[in-house]
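Student: I need the structure of the sequence given here:
(chains A, B and C)
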Amino acid sequence: MNKKIISGISGIFVAMLLGALIMALQGYQPFETYAALFSYSLGDFFSLATTLQNSVPLILTGLSASIAFASGPVNLGQPGQFLMGALFATIGGLYVDLPPILMVPFLILLAMLGGALWSGIAALLRQWFGMSEFITTLMLNMIADFFTYWAITYPFYDQAAFSPMTPLINKSGWLPEFGEFNSSVIVMLLAFAGVWFVFTRLTAGYEWRITGQNSLFARLGGCDINKNYMTVMLLTGALAGLAGGLVIMAGPHRFLKGIGANYAWDGVMIAMVANNGLIATVLYGLFFATLQTGALGMELITAVPSEFIQVLQAAIVLIIVAGREYLDIFMDRTAARRKAKERSA
Amino acid sequence: MVDNIIEMNNIVKVFPPSLVALDNVTVDFRKGEIHAIVGENGAGKSTLMKVLYGMEERSAGEIIHRGKPIHFKQPGDAIANGIGMVHQEILLIPEYTVWENVVLGVEPKNFFGRLDAAKAQQQVAQKIDEFQFNLNPIAKVEDISVAARQKVEILKLLFRNVSVLILDEPTAVLTPQEIPQLFSELSRSKENGHTILFISHHLDEVIELSDRTTVLRKGQKIATVDTASTSKRELAQMMVGREVIFTSLAEKGHPGEVVLSVENLNHEHHNGHHFLKDIHFQVRAGEIVGVAGVEGNGQFELVNSIMGLLEHTRGKISVQGKDITNLPILDRRKLISFVSQDRSKMGASVTASIRENSIMTHHRLNTRLTRWRGRLMLKEATQKFTQEIEQQFAVSMGSMDNPFRSLSGGNQQKVILGRELLLNSPFVLLDQPTRGLDVGSIEYVHQQILKMRDEQRAILLISADLEELFRLSDRILVLHRGSIVANLPTDQTNLEEVGILMLEGKEKADE
Amino acid sequence: MKILIGLINGMLTGATPILLAALGGTLTYYAGIFNIAMEGMMLGGAFFGVLGSYYFQSWEMGILAAIIGSLIMAIIFIFFSVVLKTDEFVTGIGLNLFALGATTYMLRQIFQVKGAFSGPGIVSIPAINIPFLKDIPILGEILSGQNLIVYIALLATIAIVYLVFKTPFGLRLRAAGYNAACLDTSGVRTSRIRIWSLLLCGVLCGLAGAYLSLGYVTLFSENMSAGRGWISLAAIILVNGSPWGIAIISLLFGFSDGFGLLLQQYIPSQFASMAPYVATLVALYVYSVREKKKKA
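Tutor: From the prediction side, this is the model:
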């Protein structure tokens, strides 16, 4: 536990130091920039609420990737599953009208269905034809991108709009807000709790984890590898789809072009830096949401372009992961050197 | 005047974080001698040579070669200085030909930097003749026998004009019949002025071949002796540190009902190659059936077909009368305990905790460990279960939540054995159960195997160690090219006969 | 007939960046590296290509800058995966993210625009007219007049085949992938061979990037590599690294690209744009089914 915290915090520190250096070299004020960054994302109630809301898709896609990677399937399709979930929820929201207490769960289920469907395609291609899900989920990402683009440009197009987007979904599907605080966060937390319970307490979760570590061992132990594979793919697809649905229902309430763009690879990135740990995924998700929310404020106050955050994020990921693996090697080597000194004395 | 070609002084090697593999070892090697290094598994023999060779970095100490201190950082340095090593696992590239493997790293070139294939082949052929190795330069390594591959490894070194040859367990991959040829090749090399260091734990060979012997135990050097003036018993005692009784055959069991029945089992590749051909045998309750054979003659396929990993087989496998040929693995596990030959690949997840490893299969079959019809795992119950294993099988471990790999090899095998035995299955499949273990652990595992037999379980034991097979089995099957070529009661055969059957497939007519 | 020629030219155009990146990737594939960073290297190359061409007003400098940009990415990969021994998958994804962020950021900072930068100031790589070939009826329109980089890609294919199968370096390169321990014990440092393969990959991906931003079109847009790095990875896997196989697969993808453009007259453009990705799935299907049959 300690090692994880040390490598996480020191990695962030080193990356931010590097970022400060780059900023200073370009003539910006690093300290003020970081101050603006954090005050804009955590400074007051409104910022905090925004950051939390922004963390929802990050955490959910992060959980999707983490669970998949820890259990074996290489599901890199969160971007596509996100879009399909968003699309399904949007369509449901346009054509069905129920009282909110039914509508919200209905749309949530639709979103999960959309995501699971998309990941399910990749899973079936693997089970039937042996096609590696690494590549199929990537290709399906691009296909989903174009497909949803077409969907909002032709069949579900809002005639009144100037750029491709759907009309607003029915009000009953809009996620309620409590003051500044958006209830999508509650849904996300519920999803996390459910997933955590399954992964750590249920027999299925045990089998998934062991399969992810050594599938041959799990298989010989009697685990049904194929069934587990399908379940994990569907579940992680559903999580990514849920993220898409929540973004629509909590935010613009309609499907716009580019709605998934910001979350493209973030889920995978968070899973990597969290080393597929569920709680770490949530924490890193919150952290990156903080960075992304603060980016706009940063630009307003010290003129550092908000795109800088993307560079900072990638640097943080690389440094933390590299540092974590190297720290292990380094600490082991130091212990070994000490022991050798004892023996040769 | 003694001419030391290599001196290793006060060598210490610690593997991160705290495994002391070599503890202040001092030893010297004379020019032109054949020097054996013996010790049981884990004594440090391989590590010592790897440190010399530059494959491992020493933690402390110095090495002197031809009077000068040296520090090899990588094998290339050692080779450049005339020292070469042939490893226990043959390190060749199967997809390449013999000549490509031999010249790798010292390829002859012509202009434009092009690899001169013709010249390379010619040079290799020349060297083959010089040492009378009987190899085909353009044959692909994956197509030649294991003994031939070993020759290629040696050739590789001779090609680079090494004068010191280090061999790590050279007879491990050979059958009894191939060993004399290796010995004569080594003797010839010695006559040519080469110095040979070889690692072994087969004392018969050590006595026959070496001039001097160094004994290591738990990373420390115990002694260096003139082989002619010592004996197997003395060496063994130094290796283990106590009186070793050279084991006789254990008391035989009392076989009862047929438990495992394999009938007409066939498995073939679509190009016609038979992996398993008309396999037909039975194992009874209270009986240990041993399977001997050169690796790659069907053992892998036999194990996999019994466990359920192999598709496209014809024939029938049944346990206690129940046909398991097409059953999913979980259903088979209700009747079969399985100790695989490779712990880290098949028998455990080394990153998972000890507890998580110990409950595998039990998590589905033992209702005390779960609730909600097997869906929810009860942590406390699993902890108690792991403790049971710890106590019953004398496993020495710290916390059960430590990763499995923190256990020593012997303790890992105990956990696996415990887990499998507590399934209380009528049939037990053991594949190389004592590979890589130290003498103490080997004795323990043998005891457990005999105990299982006395509990009237049916045991199929696959092992590359003929002595182990002879010690434990009631009957021995010999696999050759996928067929069973012999099914003999142990007391009616001997090591030599089985060795011939393993190699040739049938009894040779009186020679 | 005009359509056919257009289709073939389109095929060559679409194939070139994929071919170059895949050739680079195949070197690392043979060396036993799990390299998924071609996307990031290409993107870095594309951006620096525009940068070099714009500021030095020459396409030669553009190509050079593109190669340097891609090499920077390659060096970062080497630093993390070879020196620090970080997991190659993670390093690759991290590098792709970094390239995306850095090029987007630099686009904003240096050119003061968001989304894309194009303009008359960028000097594009010229097409080459070969004197005799261009006069051949029909074939002439294909063989001559292609962009310089297309010809380079062709030469590169031949050069890579020679390098990998006829030189000592190639023997060692493949050995590194087959059995790294064996290579080390033969006296050759595997890490050194791997570093060289990554550097060469950087050069080739740089050329691919230069083609994207200075040959194919003359602009840089955010995330312009658009998944081509992934397609080239698929190509490598499908043919187990064989350079000629890669050439054929690249042509296939290039064809689907051009075919997609053709289809745009009949079906909504978005479906046409899906063509290369669907083609990849189909190719993977064929490959996977064949592999399954082999195992049976």
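Student: OK, now which residue of the stretch 151-296 of chain C is nearest to chain A?
Tutor: Going by CB to the nearest CB, chain A is nearest to C:Q270 of the stretch 151-296 of chain C, at 3.8 Å. C-beta coordinates here come from the backbone N, C-alpha and C atoms, glycine included.
Student: I meant the stretch 101-250 of chain B, not that one.
Tutor: For the stretch 101-250 of chain B, CB to the nearest CB, closest residue to chain A: B:G219, 9.0 Å.
Student: Quick check: that residue touching B:E40?
Tutor: No: using CB atoms under 8 Å, B:G219 makes no contact with B:E40, being 11.7 Å away.
Student: What strand or helix carries A:I12?
Tutor: Assigned by DSSP states H and E, A:I12 belongs to helix A:2-25.
Student: Report the buried residues of that helix.
Tutor: Within helix A:2-25, the residues that count as buried by 16 or more other CB atoms under 10 Å in any protein chain shown are A:K4, A:S7, A:G8, A:G11, A:I12, A:A15, A:M16, A:G19, A:A20, A:I22, A:M23.
Student: do it and chain B meet?
Tutor: No: applying CB under 8 Å from any CB of the partner chain, one finds helix A:2-25 separated from chain B by no less than 12.9 Å.
Student: Name the residues that touch that helix?
Tutor: Under the criterion CB atoms under 8 Å, 6 or more residues apart in numbering or on different chains, residues A:29-31, A:33-34, A:273, A:275, A:277, A:280, A:284, A:287, A:304, A:308, A:311-312, A:315-316, A:319-321, A:323-324, A:327-328 lie in contact with helix A:2-25.
Student: Let's test this: mean pLDDT of that helix, rounded?
Tutor: Helix A:2-25 shows a mean pLDDT of 83.
Student: May I have the helix or strand following it as PDB, with CA atoms only?
Tutor: Reading on from helix A:2-25 to the C-terminus, the next helix or strand found by DSSP H and E is helix A:30-42. The C-alpha trace of helix A:30-42 is given here as PDB (Å, rounded to 0.1, in the frame of the first residue of the first chain):
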ATOM      1  CA  PRO A  30       4.300  28.300 -13.200                       C
ATOM      2  CA  PHE A  31       3.200  29.000  -9.600                       C
ATOM      3  CA  GLU A  32       0.400  31.300 -10.500                       C
ATOM      4  CA  THR A  33      -0.700  28.800 -13.200                       C
ATOM      5  CA  TYR A  34      -0.900  25.900 -10.900                       C
ATOM      6  CA  ALA A  35      -2.700  28.100  -8.300                       C
ATOM      7  CA  ALA A  36      -5.200  29.100 -10.900                       C
ATOM      8  CA  LEU A  37      -5.600  25.500 -12.000                       C
ATOM      9  CA  PHE A  38      -6.500  24.200  -8.600                       C
ATOM     10  CA  SER A  39      -8.600  27.200  -7.500                       C
ATOM     11  CA  TYR A  40     -10.600  26.800 -10.600                       C
ATOM     12  CA  SER A  41     -11.300  23.200 -10.000                       C
ATOM     13  CA  LEU A  42     -11.400  23.000  -6.200                       C
END
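Student: quick one: contacts of helix A:30-42?
Tutor: With CB under 8 Å, 6+ apart, helix A:30-42 has contacts from A:16, A:19-21, A:23-24, A:47-48, A:50-51, A:289-291, A:293-298, A:300-302, A:304.
Student: Just to be sure, which of those are found in helices?
Tutor: Among these, the members found in helices (DSSP state H) are A:16, A:19-21, A:23-24, A:47-48, A:50-51, A:289-291, A:293-298, A:300-302.
Student: B:N41 versus the nearest residue in space to B:E169 that is not next to it in sequence, what's the distance?
Tutor: If the residues on either side of it in the chain are set aside, B:E169 comes closest to B:Q88, at 4.4 Å by CB to CB, 6 or more residues apart in numbering or on different chains. Distance of B:Q88 to B:N41, computed by CB to CB, to the nearest Å: 11 Å.
Student: Just the buried positions in the helix or strand where C:G10 lies, please.
Tutor: Element membership of C:G10, judged by DSSP H and E, is helix C:2-30. Buried residues in helix C:2-30, counted by 16+ other CB under 10 Å: C:8-30.
Student: hang on, the earlier thing: out of the ones in helices among the contacts of helix A:30-42, which end up buried?
Tutor: Judged by 16+ other CB under 10 Å, buried ones among those: A:16, A:19-20, A:23, A:47-48, A:50-51, A:289-291, A:293-298, A:301-302.
Student: how about the residue nearest the centre of chain B, secondary structure?
Tutor: Nearest to the mean C-alpha position of chain B, by CA atoms, centre = their mean, lies B:R435 at 5.5 Å. Using DSSP: H, G, I helix; E, B strand; the rest coil, the structure places B:R435 in coil.
Student: The stretch 151-300 of chain A against chain C: which residues are in contact?
Tutor: Of all the residues in the stretch 151-300 of chain A, those lying near chain C are A:T153, A:Y154, A:W265, A:V268, A:M269, A:M272, going by CB under 8 Å from any CB.
Student: need those residues in a markdown table with pLDDT, can you?
Tutor: Shown next, in a markdown table, are those (pLDDT from 0 to 100):
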| residue | pLDDT |
| --- | --- |
| A:T153 | 86 |
| A:Y154 | 84 |
| A:W265 | 79 |
| A:V268 | 92 |
| A:M269 | 91 |
| A:M272 | 91 |
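Student: For these, give me CSV that also has secondary structure and distance to A:G85.
Tutor: Listed next are these as CSV, based on DSSP: H, G, I helix; E, B strand; the rest coil; distance: CB to CB, whole Å:
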residue, secondary structure, distance to A:G85
A:T153, helix, 19
A:Y154, coil, 20
A:W265, coil, 17
A:V268, helix, 17
A:M269, helix, 19
A:M272, helix, 22
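Student: Bridged to the residue lying closest to B:G293 once chain neighbours are set aside, which residues?
Tutor: Distances taken as CB to CB, 6+ apart put B:L479 closest to B:G293, at 3.5 Å, once the chain neighbours are dropped. Beta-bridge partners of B:L479, counted by DSSP bridges, are B:I484.
Student: From the structure, what's the count of residues near whichever residue of chain A sits closest to chain C?
Tutor: Nearest residue of chain A to chain C, counting by CB to the nearest CB: A:Q310, 2.9 Å away. Other residues lying near A:Q310 total 24 when counted by other CB atoms under 10 Å in any protein chain shown.
Student: From what I see, C:F34 and C:F89 are in contact.
Tutor: Yes: between C:F34 and C:F89 there is a contact under CB under 8 Å: 6.0 Å.
Student: Tell me where the stretch 51-200 of chain A has strands.
Tutor: According to DSSP state E, counting those that start in this stretch, the stretch 51-200 of chain A carries its strands in the segments A:177-178, A:181-182.
Student: any idea what sits nearest the residue nearest to the centre of chain B, other than its immediate chain neighbours?
Tutor: Closest to B:R435 by CB to CB, 6+ apart is B:Q341, at 6.5 Å.
Student: Regarding that neighbour, what is its secondary structure?
Tutor: B:Q341 - assigned by three-state DSSP - is coil.
Student: near chain C, anything from stretch B:190-202?
Tutor: No: on the criterion CB under 8 Å from any CB, stretch B:190-202 is out of touch with chain C, staying 15.9 Å away.
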